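Trainee: have a look at this fold, sequence not included:
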């Protein structure tokens, strides 16, 4: 049943790939991040690719039925105990399909922690992360302090074409982000179990 914890007590982490454009780098970052997350015995990872979810760009009015694709994704977000958003930075912001995906849902985000893995040019995606923190806070989610930013991410390829280099700072940053994310996920799951979150 959606919203119940897994039988083994693990946390459900939904990793969201925000970019839907051709030639996107997001899946490479997501593969690395999810591989690191899956090393942890306390996490069950669900990879949500917005390109595959293919949510409608036009939101319905409040009295209109939700499109099937929106209804299909809702249980996966509702079941998540935490979120990690993998996003590029375009023009000092994040991709439009991510904002549309966020806006399709409401209660699914409530009282759950969110971290960000952003990539871009010199900024590494910090402008996109700053805006997303404000948006998720408005949705009563907890945007944690720890995030992973990847400036000039293309410089982190190894000679054999794998990514990232073992010496890249992001390898330490992801461990810290996952530690903090799981702490908040446990605390908030316990709080929601004691008393449902209401607005």
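Mentor: On my side now, so go ahead. Predicted model, so just to flag it, every value in this text is computed and none were measured.
Trainee: state the distance from the residue of the chain positioned farthest from its centre to residue 119.
Mentor: Most distant from the centre of the chain: residue 159, at 29.2 Å, with distances by CA atoms, centre = their mean. Residue 159 sits 21 Å away from residue 119, taking CB to CB, to the nearest Å as the criterion. C-beta: built from backbone N, CA, C; applies to glycine.
Trainee: for stretch 51-66, buried residues please.
Mentor: 53, 55 (16 or more other CB atoms under 10 Å).
Trainee: got the end-to-end distance for that stretch?
Mentor: The straight-line separation of the ends of stretch 51-66 (CA to CA, to the nearest Å) is 19 Å.
Trainee: roughly how far is stretch 11-18 from the heart of the chain?
Mentor: 5 Å (CA atoms, centre = their mean, to the nearest Å).
Trainee: and that stretch, what's buried?
Mentor: Residues 11, 12, 13, 14, 15, 16, 17, 18 are the ones in stretch 11-18 that count as buried (16+ other CB under 10 Å).
Trainee: list the buried ones in stretch 183-196?
Mentor: 184, 185, 186, 188, 189.
Trainee: backbone phi and psi for the spatially closest residue to the fourth one that is not a sequence neighbour, please?
Mentor: Using CB to CB, 6 or more residues apart in numbering and skipping the chain neighbours, the partner closest in space to residue 188 is residue 111 (5.3 Å). With angles defined as degrees, to the nearest 10, residue 111 shows backbone torsions of phi 50, psi 40.
Trainee: from residue 102, how far off is residue 111?
Mentor: According to CB to CB, residue 111 stands 16 Å off from residue 102.
Trainee: looking at the two, which is more packed in?
Mentor: The neighbour comparison of residue 111 against residue 102 (other CB atoms under 10 Å) goes to residue 102, with 21 against 17.
Trainee: quick one: contacts of the helix or strand harbouring that one?
Mentor: In this assignment (DSSP states H and E), residue 102 forms part of helix 96-104. Helix 96-104 has contacts (CB atoms under 8 Å, 6 or more residues apart in numbering) with 16, 18-20, 50, 53, 55-57, 59, 66, 70, 73, 85, 87, 109, 132, 135-136, 139.
Trainee: okay, and which of these map to strands?
Mentor: Judged by DSSP state E, strands contain the following of those: 16, 85, 87.
Trainee: my read: the second one touches residue 109, true?
Mentor: When you say that, I think you mean residue 85. No: with contacts counted by CB atoms under 8 Å, residue 85 stays clear of residue 109, the gap being 11.0 Å.
Trainee: more neighbours: which of these two?
Mentor: Using other CB under 10 Å, the more surrounded residue of residue 85 and residue 109 is residue 85, with 25 against 20.
Trainee: model confidence for the residue nearest to residue 188, exactly?
Mentor: With respect to pLDDT, residue 111 has a value of 98.
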